[in-house]
Every structure is written in structure tokens, then in C-alpha cells.
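Student: My questions are about this predicted structure, shown below with the sequence.
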Amino acid sequence: MRQRWRLAEIRAEDYAFVLLSRLVNALEEKGGHTALLSAHDLAWAPCLGGLILGLRHLGLGGWAPAEATAIEAEITAWQKEGGFANNKENALRLKASLERLQRLTEVYSELLLELLPPKAQALGNALGVALHAIQTFTEADIRANVVFQVSKLTTLLLRAVRAAAGCSSWDPLVAGTVVGKLVDMQQLDPAKIAEFKEPAVVLLRSATGDEEIAGSGPMLKGVILTQDLPHLSHLGVRARQERVPFATLDDSTLLHSTVKPLVGKQVALTVSPDDVTLTAATEAQAAQAATADAAASGSSAKTQMPASGNAGSISKVSSPRLLALLDCMPSLAGAKASACAKLEQVSLEAKGPEAFQTPRGCCVPFGVMDVAIKALPRQQQDRYKQLMEVSETAGLHELTGVAADLQELVSGLRLPDQVLSNLQSTFPPGSLLICRSSANVEDLAGLSGAGLYDSVPNVPIDRPDDISAAVAAVWASLYTRRAILSRRAARVKQSDACMAVLVQELLTPTYSFVLHTASPMGNDPSTAEVEIAAGLGETLASGKRGSAWRLAVNKSTGSVKTLAFANFSEALLPATSVPGMSAGQPVAAVTATGSMLAGVGPASNRTGGLYSKALAGASGPARSSGYSWSGSSLSSHDGSSTNGGNGGNGKSVDEDGVSGGRVYDCVGRVMDYSRHELSKSADARLALGRRIGAVAGVLERQFGGAQDVEGCLVGDLLYIVQTRPQP
């Protein structure tokens, strides 16, 4: 009987393939996506119904059933609303769900391309099948699969809704015009870019969010990323600060027809707030760019900054000490902790629509890490000094090992007992903490260091060994390979970089947001732009594929314009905030969180996921750091224990020397945006946008200029977690 059910499923899927094929052909005969633009909502019904049919087959086949169910619910809800051809916001909302579906079909096809060829090769060789048939087997299998027709129909509908919404397949992030050789790269590799002999525009296939623009050298002139990226992500901020034109293109048809043919040729990339153009460069454009590069190179040689010119001045404590948040100053605790101290003061005075909260916090100041190093045996102290000296001049290949050794040594440091005791008494029993970097080489005007250093969340207040290990992990992030390269690009001596650790009470947010109080494209300082995602803010800051709710808010008039709808597949939460997923001391989760983060199917653990820097190559998924938190010490997956207080580092480092990050489990919840007011209600977007816009205004006034802000909503309370000068 089971075999009969399986055969019936295969035949039903074959029939669905035929139906979808006929639907796509009929639509193309009537004019394709252009016909839908002038059609009644009823004309969209069979198209969207066909997608739902295909989604059900994918889900019932066992491929990402929760994701398929969520997308089906969204498309069904938006279909009932209708108005795609004459209502821009409705078109944008459907566009978000269709782009999410497009990601699902692409990942499915990529999986088949990874799994089937070696098996087809082995079986074909054994059976004596012709080589041509073996080589084309996987492609033929994909083209005969329902996913192929779903992808074709999704592409057709995406063209229609993009046209209805007035959107291009291009998405501009950083404006500018550059000329260079178009180079296709799977990931942004500074070592490879350093070998370039001429200026390059990189066609980047994927991003993790950890990529360092400045560390890639002067030959990197522009970036085209072939996936969605939040505009205010750390990678976007770094590109903006370095003034490197940056655009995304998440349209495989346009990529292969327009961009790929230009690979290896000189191109002119122009990114404006409204459009992106990529063309073959003329001889005149190439010559003009070469002249400008030569002039810029000569000018920079004459005006070269002295070493450590960008590092903030510091005053190190000479004995173990913990600073109350209000006592934090830039010289003692870094710009981030100092800004948080001012935020707390401002929050006490802000009233009415400008009111906001700040999380409880304290800081391990500059100098405590030096105290911890002096507690090491003499041999390890000498080793640290030797590695620091080598890090100043080590070549790119040698630097990988040097960075790994530095991180291993520093991550094994022990926070002094006096500091631990004072820290624990700062927070209520049962609290969860987040340990965040506050270096003298980040959050400065002209040197944001966005996402460059690590944070460690979900640390229980009642586990001193874990607190110590988390602080040491943040210290160690000062010596990642990309952090060292970034400081070299800024001409900051490695020995002048210092790390304080800001410790805050971890919030369990309904929504997290990143706010630029002035338009990031620089065309309207009166307008703030905010990106919002459900759950923890790492979804926004990292290079996670997908889009956020993006709102433009006029700070004077209070008008709110919806620029994009969210379509991240998952929201991230601390495990303790999800029923049945508690780990360690439980904390009180916000009641609203469960209903706002409406997921389908079970929550999935993300061991080493949040804030973890141990990622596979950009073409693959994030891999586990090799460690998960267990009890008061770190337990490796092989069963051994590495305690932060006994000299073991408990830290995994990838082949690029990037820290693995010791983190507690976080939980990914599949999102169904048809159950979110921010997707369903224009009034909800207006109310939240105005509230955030009012806070943007007070922050600009108090901090003396445009700000790059991170915050969240916990129930009805709006929190500002940090602010820094906007690049």
C-alpha cells in the first residue's frame, strides 16, 4: 500500500507539472507579465492559485514544509486583498512573498545540483550510460520537476508586481560611479583582491555580512551582490563609509542576460538613489577613471595619516574594576559604552512621543584585559607580545595563523573574580546578558567598525564561568583576521587597539530595528529610514538573505512611506523565550512575543548561529562553531569540556582565522507574515514609523548629527540599544 501511495504522489506531481506548464504557456501567449498589469484581480487568481498548487507539492514532498506552508498562507492572504495593479503597497507586499518563494525554488535546485551529479556519475558509469546523458541528467531532472514550473511562474509574476510597484530588479545601497573590470567572485576574499593588477567591480554571489570593504584594498571599486541585503546592514554601512558603490540584483534572468556577458570586461557601474546602470565602459571612461585613480593615489600618499591616527585615546585601569553605565566615558570604556551612558540620561528626560527605554548595563573597561594577561604564566605573556608584534606586518597568508593563535590565547583569559562579583550584583537574579564590544576603534566618526567585533548573547547571570568566557570571547574578537586587516587599512597600529566590554541585560524583542536618522543615500536629510525585522536584530545586521520592513519617515511632517515588506524566512529568538526550548535559568518572556512571532512547525535550534562568525564559505550554510553552551562550562561536540577559567580556549576558528563565537542556542521560527500587523495594516506601519521618527529627531538633537541607531520593541516599549555617528 505504501508503494501505491508513493506512485500516486509521483503521478499527481507529474500532472501538476503539466497543468503549471500549460498555465505559464497560456500567460506568455497573452503577453506575459504586461498583460497582468492592466488586468482585473480575477486574472491574477489562476496564477497565484497555480503557485499554491506547486507549493503544496513541494511541501508534501518533504522539502521545507514549514516554509512552503508559510508562503502559501501569505499568497492566499494577499490574493484576497487584491489590488496589485493599482495599489503600490499591495504590489510590494506580494513582491516580498514572491521573492521568498523564488529563494525557496533556488535553494531546492541548488540542493539537487549538489546531490545528484556524483550519484548519477557513479550509477551511469556502472551501467555504461553515455557520458552526455550522465552530464545532463541533473539539469533534465530539475527541468522535469514541479519546482521548475513554479520558478517560471514566480519569475513571470515578479516581473508584473515589480512593474506595478515601480521597482527595478536592481536595489541601490551606496551611490556612486566607478569603472573597473567586472570580476565574478563567490565570496569577497581580500587575499584574492590584493592580487588584482587593475581596478575591479566585483560580482559577488553571496555575502555573510562579515565582509570587510576597506580590508579588500584599493582595487575594489564597486560591488554587485546577487542576493537581497538589508540597506542598513553592517556590510551596507561599511560600504557606505568607504564610499564604494554597492547594489544588489536578485533577478537570475537579468543576471544571466545582462550582467554575466560583461564578466572579464571593463564596465561602468552607476548607482543612484533611484536606479542602477551597468554598461561596457568606453575607452574614454576607462582613461578618465585611470587618471582619477592616479591622482587619488598621489594625493593619498602626500596626505597619508600617521599610524593610529584614527584610534580613540584611552586611559587604562591598572587594577580590576567594573564601571557603572553612567560612569562610562570614551577614554575608559569606548565610544559605544559612552553613547549608551548618554542614551540612558536622554531617556530619563524624553517624554511623550519621543519617549524610549534603555537596557540596564555596565562595562568592563580598558585595562582589565591587560590585568588578565598579566595573570597568565610568563611563557604565555611572552607569546602574546610576540604575536602582537608579528600581526603588524604579517602577510595575508601568514596572518591567518597569527590571528587564530591570538584569539586562542585571549579567549582563554579569566575575568578577575572581583569584576565578576560586581557584575553579577548589577543585574536581577535570573537575567540573561549580552556581552558587546566597545573598542576604541569602533563607533567613531569615520571609523564605525560596524559588525567587525563580536557580541555574545544569552549569558545567564548566575553562571560566572560563562560570563567570564563570554567577556573573553569579545576580547578575542579584537584579533580576528578581518579586524586586523581593517585596522591596517585605517592605518591603526594593532597595539593601539583596545577592547572594553559593554554588558547589558538581554531583551526579548517583538521587533528589532536599525535606524538611520538621515536618508542613507544622502538625498534627503529630513527623512529617516528604518528597517524592521521580527525577533533579534542579528537578522538585520548580518548578511542573511531577505528583506526587512523598510519605512521612510519624514521627521517634520510625520508622513510614513513603505519602501519594502519583510520576507526573511525566520525570526531569531533566545531559546529561553520559546516554550519548550528553555535552557538554563528561565527568564520572563514578553507575552506578545509568541503571538507576534507567528511560526509554523517546530522551532529549530541554531547552535552557534546568532553572532557566530564561524561560517562556511559564502556559497554554503552557516556551520556550527563546534561548541555549544552546557552548564557552567563549554562542552565540545566530541564530549570534551573546555572551561573558560582553566586556560582552555573553548573556541573554534575557521580557516580564515575568524572566531567561531561561543554562544547559547538561539531559536529560528519560520515566519508567516500574513499574521503580522506590520504586513497587514497600513495604520500599524504609520503608527510605528511616526514613533520611531520622533525618537530619531531627539537623538539627532542630543548627539549633534545624524545617527546610526539599533533598537527594538519589547511589547509596547521602545528600547534604544545603541547609537553611533551615521557614516
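Tutor: Good, I have the coordinates.
Student: Confirm that Lys385 sits in a strand.
Tutor: No. Applying DSSP: H, G, I helix; E, B strand; the rest coil, one finds Lys385 to be helix, outside a strand.
Student: list the buried ones in stretch 503-521?
Tutor: Neighbour-count burial for stretch 503-521, counted by 16 or more other Cβ atoms under 10 Å, picks out 503-521. Placement of C-beta: from N, CA and C, glycine included.
Student: Compute the first-to-last residue distance for it.
Tutor: Start and end residues of stretch 503-521 are separated by 33 Å (Cα to Cα, to the nearest Å).
Student: So which of the buried residues of stretch 503-521 sit within strands?
Tutor: Of the buried residues of stretch 503-521, the ones assigned to strands by DSSP state E are 503-505, 511-516.
Student: Let me know the closest of these to Gly711.
Tutor: Nearest to Gly711 among those: Phe513, at 5.5 Å, using Cβ to Cβ.
Student: Determine the three-state secondary structure at the spatially closest residue to the closest one that is not a sequence neighbour.
Tutor: Once flanking residues are discounted, Phe513 sits nearest to Ile532: 4.5 Å by Cβ to Cβ, 6 or more residues apart in numbering. Put simply, Ile532 is strand when judged by three-state DSSP.
Student: Quick one: residues contacting Ile532.
Tutor: 511-513, 540, 548-551, 566, 678, 688 (Cβ atoms under 8 Å, 6 or more residues apart in numbering).
Student: Can you show me the strands along the stretch 251-400 of the chain?
Tutor: 266-271, 276-280, 323-324, 361-364 (DSSP state E, counting those that start in this stretch).
Student: how distant is the shortest one from the center of its chain?
Tutor: Think strand 323-324. 31 Å (Cα atoms, centre = their mean, to the nearest Å).
Student: list the helices and strands it packs on?
Tutor: Counting contacts by 3 or more Cβ pairs under 8 Å, 6 or more residues apart in numbering; DSSP states H and E, strand 323-324 packs against helix 330-349, strand 361-364.
Student: which of the residues in stretch 259-276 are buried?
Tutor: Counting neighbours by 16+ other Cβ under 10 Å, stretch 259-276 gives 259, 262, 266-271, 276 as buried.
Student: how about those residues in a markdown table, adding distance to Gln494 and pLDDT?
Tutor: Shown next, in a markdown table, are the buried residues of stretch 259-276 (distance: Cβ to Cβ, whole Å; pLDDT from 0 to 100):
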| residue | distance to Gln494 | pLDDT |
| --- | --- | --- |
| Val259 | 38 | 94 |
| Leu262 | 39 | 94 |
| Gln266 | 37 | 93 |
| Val267 | 36 | 93 |
| Ala268 | 38 | 94 |
| Leu269 | 34 | 94 |
| Thr270 | 37 | 93 |
| Val271 | 34 | 91 |
| Val276 | 37 | 92 |
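Student: Val237: which of those is nearest?
Tutor: Closest to Val237, out of all of those and judged by Cβ to Cβ, is Val271, at 15.7 Å.
Student: distance of Ser519 from Thr723?
Tutor: Using Cβ to Cβ, to the nearest Å, one obtains 17 Å as the distance from Ser519 to Thr723.
Student: Same question for Ile52.
Tutor: 44 Å.
Student: More neighbours: those two, which one.
Tutor: It is Thr723, of Ile52 and Thr723, that has more neighbours when counted by other Cβ atoms under 10 Å, with 25 against 15.
Student: Could you look up the SS state of the more buried one?
Tutor: Once three-state DSSP is applied, Thr723 turns out strand.
Student: Enumerate every residue touching it.
Tutor: 339, 343, 699, 703, 707-710.
Student: Fine by me, thanks again.
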